[in-house]
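**Student:** pasting a predicted model and its sequence here:
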Amino acid sequence: MDQPSQHHQGALIALGASALAERRRWLRESQQRTRDDRRASCVAFLNATAEAGEILVNIARGHDRDETALARAANVLRDSNVLPRRLELSLVADDHVVRQATHTVALLRAYRDTVAQGLPFEAEELQRARVAFNEQRDRLTQHMRGTL
């Protein structure tokens, strides 16, 4: 082989190694962005459900009781952005997290419906709905933690 040919081979090898290193870096950064997006969506959904739960418990306990309290309870999913946050989560989370989030929303709706009836905080039906929602939210949080 002549000298220029060896030089070209060396340049091609260096170029290939550089391209491979760049691709690896890009993949790592892409995976990190995906994890960051997933984490942000999980946190946003959990914050929205926490806000909704806090609103409902305050209304149910009578701490936030006025003429619009029951209407606020009825609109809590919309007002706390739970549904858009669940949709966002469905774009980045695994199927199990999405199913668990959907179940959490269903239990939040049941809790909302119970509070909107105006039942006293001590009512068994309200306590069952509140505990079921909180326990499901805790299970979802644990599962999310395992996927991050």
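**Tutor:** Structure received.

**Student:** and the helix or strand hosting Ala73, what does it pack against?
**Tutor:** In the assignment (DSSP states H and E), Ala73 maps to helix 69-74. With contacts taken as 3 or more Cβ pairs under 8 Å, 6 or more residues apart in numbering; DSSP states H and E, helix 69-74 sits against helix 3-61, helix 95-116. In this view, the C-beta of every residue, glycine as well, is placed from N, C-alpha and C.

**Student:** the last one vs helix 3-61, what angle?
**Tutor:** The reference is to helix 95-116. Relative orientation of helix 95-116 and helix 3-61, computed by axes from the mean of the first three to the mean of the last three Cα atoms, to 10 degrees: 20 degrees.

**Student:** any idea of the mean pLDDT for helix 95-116?
**Tutor:** Mean pLDDT, computed over helix 95-116, is 96.

**Student:** neighbours of the residue nearest to Val57 when sequence neighbours are not counted, how many?
**Tutor:** Spatial nearest neighbour of Val57, excluding adjacent residues (Cβ to Cβ, 6 or more residues apart in numbering): Arg130 at 6.9 Å. Per other Cβ atoms under 10 Å, the neighbour tally for Arg130 reads 20.

**Student:** give me the element Arg130 is part of.
**Tutor:** Assigned by DSSP H and E, Arg130 falls within helix 124-147.

**Student:** excluding chain neighbours, what is closest to the residue nearest the centre of the chain?
**Tutor:** Centroid check for the chain by Cα atoms, centre = their mean gives Cys42 as the closest residue, at 2.4 Å. Nearest residue to Cys42, sequence neighbours excluded (Cβ to Cβ, 6+ apart): Met144, at 4.5 Å.
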